[in-house]
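Engineer: only geometry, no sequence info:
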Ligand code: DPP
Ligand code: ZN
């Protein structure tokens, strides 16, 4: 396999104005007839180029014709990746007939089967497994799709756009034709056929049009779509208000599919969702999952403008649509619930997982310069860091100019396939703000690190802040340039008040500093007393910050900062300090001794009844094993685990009474609703229960058992079970068994059971994982189940990081097996092993040898790229 490069981009030699597809669906095979109305692209600099169409080797070419004249085999060449036709006129209709076998498509790319239905996934390059095509996003075409199938088996037959015709073939099969008036790249094509149930609704757009909304699921799941439908309507309304974007077709359809590689897909007018990201009911769905469903429904809907109406020129620009759309869905969720809680959750995720990606062998810029397999670049960097870039633009421009920029972008590029540069240019043109240095964020990989120091002059009332930025080298990028970084800053007096200061001729409580150089000194005048700086409020840039706060200063920020995000962050910093000290003690086999600062800070929080319970829960949650691993120079998983466990128990014992009373105060009988107020209370209640159980109080165990057995909602029941597993209480195994028996008919709940069973810290863990993989509830065809078990296992310290290497070997075996079946999924499963260089030497060596073992196999492009880069 070889890499392709952004710098080699060329416009397509041909364009496809119209795409007419006919699918004859059958159990044994599907015949696809494509009629492509093509012409040479006058913008191409090769006007005599042959026609090279993309196509996968899993297709059988039945016949190909130009303007209805069948081609002979001497007229073209067929390889495993393309169909090349040597001579074609300047304008022509290409007809191409292919035969595919969706039932044997285990890659879940292109047309495949999930349960008894047919469905598609074409992003990024799945369409080429359906027919030969110019499968690249800058080739946009108007699609008409005809589906022919037995209506008894497939009463529902869907594709993009509007249904325009329905009839019968002579042999009694149904023929349905769909037409999508908006031109689109092939990655947005979708087809679904099956015996599906539907729920209908209507959305009135701001201009008064009635849009039909239809959600389809397998028959047994249709009672779980109310929440998604509501979320869809909220999203449609929000996009009209926040961005002035109205929906453009008369119908919007969503289909839930069990076997799906990704979360969901924004196909024009016909979104396809992993059922785990759509189906919800109080009994089977946790609060977290509700919020996730709402966010993903919104995300896919928002793509209708940021992605579909304006799409990407090439796949290097993936973040153009993903970064922007994630930013849009984050803002939507924060408008629907709590802004601070949402920000904390997003940043916590970014700092844990994206920072780790940036520090690993797969580190890449938000706009990658090259790739071997694009599926490997649906990453946290492209999505989450990409969203941070858009957020920074928002911070630099302010709400009003940002909106002007977005309006200009949509207006200027409607119907086009464009680049990240085009997006930034629209923002610059609308605001007059120069973003030329800022654009380095798109091309430079790695997480910038800021080191800050300060001075205060009592006599001149001047506060001076010195900021230095550096970015560590990443693979293929040894030298780094300084970035334009917005730093939102406030100053707080030692008695907890917000201080005004004069900076850049503005007298305000908060300023946005523009860090541009490697080292910059910022001066603030008329600062009444020596301040504690509140740095990077709202996490105004995706960077690491180092500033020598004293413990007292962090406690002050944690209790007084007007910026909710920084209050949380101060708590995290305190906890991280404490944990780092403990980790070192474990590593040196010393007796573990902790300070009492964190405990007293937590106590104050628990006693303060005015705080948002959701924020209290977040602050009380210790930094995760994964986040602490990211912060370590050399990861010793067991040491981190031991330190975290120790501190949890110390806090639990010291505040046992507080936790027990917070638990009771937040336990009330209400009818379950996934609203912010209820979610907050449940979060705090269950955080309290987690500690309370760790305190060893028998009453806590009673409360846990009672909550597990009698909750009327999955959030509380699952929380009880997860606590039992994490705290490793004696009853955990029997609770897991009970849970399975209770929910064996609910596949999505069973996935939760698989994850918890697989991540349980247990000396016999690997045997159990192996049992799970052959359990009747497991299904290797289903990516959710594979992720549940292997993802769960990779999180456990004792099972995965066992020093006999058995955990790594087990995962490698599974990757080798999946590599052939489902390369995308196999490649994702490699992630934990790719971080090998950061682990302590015994583990590092074991991980590396598994990577080498995988490398010796005949690998898919997906796995090849990840493994090779990890070993470089
Ligand atoms: N474009 C899809 C999404 O992120 C890919 N799964 O919404
Ligand atoms: Zn997306």
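Structural biologist: Received it, and whenever you're ready, just let me know what you need. It should be emphasised that the depicted structure is a prediction, and the values quoted were computed from it without experimental measurement. Ligands and ions are numbered 1, 2, ... in the order given.
Engineer: relative to residue 348, how far out is the nearest residue to residue 643 once chain neighbours are set aside?
Structural biologist: In this structure, residue 643 finds its nearest non-sequential neighbour in residue 582, 3.7 Å apart by Cβ to Cβ, 6 or more residues apart in numbering. Placement of C-beta: from N, CA and C, glycine included. Using Cβ to Cβ, to the nearest Å, residue 582 is found at 20 Å from residue 348.
Engineer: higher neighbour count, the two?
Structural biologist: Taking other Cβ atoms under 10 Å, residue 582 and residue 348 do not tie; residue 582 has more neighbours (23 against 19).
Engineer: state the mean pLDDT of stretch 648-658.
Structural biologist: Stretch 648-658 comes out with an average pLDDT of 98.
Engineer: nearest residue to the closest residue to ligand 1 within the stretch 601-750 of the chain other than its sequence neighbours?
Structural biologist: Using Cβ to the nearest ligand atom, the closest approach of the stretch 601-750 of the chain to ligand 1 is made by residue 748 at 18.6 Å. Among residues not flanking residue 748 along the chain, residue 276 sits closest, at 5.5 Å (Cβ to Cβ, 6+ apart).
Engineer: correct me, but that neighbour touches residue 784?
Structural biologist: Yes: between residue 276 and residue 784 there is a contact under Cβ atoms under 8 Å: 5.5 Å.
Engineer: what touches both of the two?
Structural biologist: Residues touching both residue 276 and residue 784 by Cβ atoms under 8 Å, 6 or more residues apart in numbering: 748, 751.
Engineer: ok, residue 848 to ligand 1 distance?
Structural biologist: Here the criterion is Cβ to the nearest ligand atom, to the nearest Å. By it, residue 848 lies 31 Å from ligand 1.
Engineer: in which helix or strand does that residue reside?
Structural biologist: Using DSSP states H and E, residue 848 falls within helix 841-855.
Engineer: what's in contact with that helix?
Structural biologist: 635, 637, 801, 803, 805, 808-809, 811-812, 815-816, 819, 830, 833-839, 863, 867-868, 870-871.
Engineer: residue 864: what secondary structure?
Structural biologist: helix (DSSP: H, G, I helix; E, B strand; the rest coil).
Engineer: contacts only, for it.
Structural biologist: 1, 372, 373.
Engineer: let me know the closest of the residues you listed to ligand 1.
Structural biologist: Among the contacts of residue 864, and counting by Cβ to the nearest ligand atom, the member closest to ligand 1 is residue 373, at 14.8 Å.
Engineer: which SSE is residue 388 in?
Structural biologist: Residue 388 is part of helix 386-413 when elements are defined by DSSP H and E.
Engineer: buried ones in that helix?
Structural biologist: 386-397, 401-406, 408-410, 413 (16 or more other Cβ atoms under 10 Å).
Engineer: is residue 523 in a helix, a strand, or coil?
Structural biologist: strand.
Engineer: separate out the buried members of the contacts of residue 864.
Structural biologist: For those, buried by 16+ other Cβ under 10 Å: 372, 373.
Engineer: now, which of the contacts of residue 864 lie within strands?
Structural biologist: Among these, no member falls in strands (DSSP state E).
Engineer: could I get the contacts of residue 864 in JSON lines, plus columns for distance to residue 93 and pLDDT?
Structural biologist: Formatted as JSON lines, those follow (distance: Cβ to Cβ, whole Å; pLDDT from 0 to 100):
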{"residue": "1", "distance to residue 93": "34", "pLDDT": "92"}
{"residue": "372", "distance to residue 93": "34", "pLDDT": "98"}
{"residue": "373", "distance to residue 93": "32", "pLDDT": "98"}
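Engineer: nearest to ligand 2, of the contacts of residue 864?
Structural biologist: residue 373 (18.3 Å; Cβ to the ion).
Engineer: strands along the stretch 401-550 of the chain, start to end?
Structural biologist: 417-418, 448-457, 462-471, 485-492, 498-499, 501-503, 506-508, 510-515, 519-524, 532-535, 544-547 (DSSP state E, counting those that start in this stretch).
Engineer: so how far is the third one off the chain centroid?
Structural biologist: A distance of 33 Å separates the centroid of the chain from that of strand 462-471, by Cα atoms, centre = their mean, to the nearest Å.
Engineer: tell me how many other residues surround the residue lying closest to residue 164 once chain neighbours are set aside.
Structural biologist: Nearest residue to residue 164, sequence neighbours excluded (Cβ to Cβ, 6+ apart): residue 179, at 4.7 Å. Residues lying near residue 179 (other Cβ under 10 Å) number 17.
Engineer: just to revisit the earlier point, for ligand 2, find the nearest of the strands of the stretch 401-550 of the chain.
Structural biologist: strand 417-418 (16.0 Å).
Engineer: which residues touch the closest residue to ligand 1 within the chain?
Structural biologist: Across the chain, the shortest distance to ligand 1 (Cβ to the nearest ligand atom) belongs to residue 262, at 3.6 Å. Residues in contact with residue 262, defined by Cβ under 8 Å, 6+ apart, are 121, 274, 378.
Engineer: and it, its phi and psi?
Structural biologist: Dihedral angles of residue 262 (phi, psi; degrees, to the nearest 10) stand at phi -110, psi -170.
Engineer: still on that earlier bit, what's the neighbour count on the residue nearest to residue 748?
Structural biologist: Neighbours of residue 276 under the rule other Cβ under 10 Å: 25.
Engineer: check residue 835 too.
Structural biologist: Neighbours around residue 835, by other Cβ under 10 Å: 20.
Engineer: so what's it closest to, chain neighbours aside?
Structural biologist: Spatially, and ignoring its direct neighbours in sequence, residue 835 is nearest to residue 360 (5.4 Å; Cβ to Cβ, 6+ apart).
Engineer: sorry, back to before: now the helix holding residue 848, how far from the centre of its chain.
Structural biologist: Centre to centre, stretch against its chain (Cα atoms, centre = their mean), the figure for helix 841-855 is 28 Å.
Engineer: buried ones in it?
Structural biologist: Neighbour-count burial for helix 841-855 flags 843, 844, 846, 847, 848, 850, 851, 853, 854 (criterion: 16+ other Cβ under 10 Å).
Engineer: what about ligand 2: which of those touch it?
Structural biologist: Taking Cβ under 5 Å from the ion as the test, ligand 2 is in contact with none of the buried residues of helix 841-855.
Engineer: I'd like these laid out as CSV, including pLDDT.
Structural biologist: Shown next, in CSV, are these (pLDDT from 0 to 100):
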residue, pLDDT
843, 98
844, 98
846, 98
847, 98
848, 98
850, 98
851, 98
853, 98
854, 98
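Engineer: name the helix or strand for residue 686, please.
Structural biologist: Applying DSSP H and E, one finds residue 686 within helix 676-694.
Engineer: for the next helix or strand after that helix, name the packing helices and strands.
Structural biologist: With elements assigned by DSSP H and E, the helix or strand that comes after helix 676-694 is helix 698-710. Helices and strands touching helix 698-710, by 3 or more Cβ pairs under 8 Å, 6 or more residues apart in numbering; DSSP states H and E, are helix 656-665, helix 676-694, helix 714-726.
Engineer: between those, which gets nearest to residue 200?
Structural biologist: Between residue 200 and the helices and strands packed on helix 698-710, the tightest spacing by Cβ to Cβ is seen for helix 714-726, at 26.8 Å.
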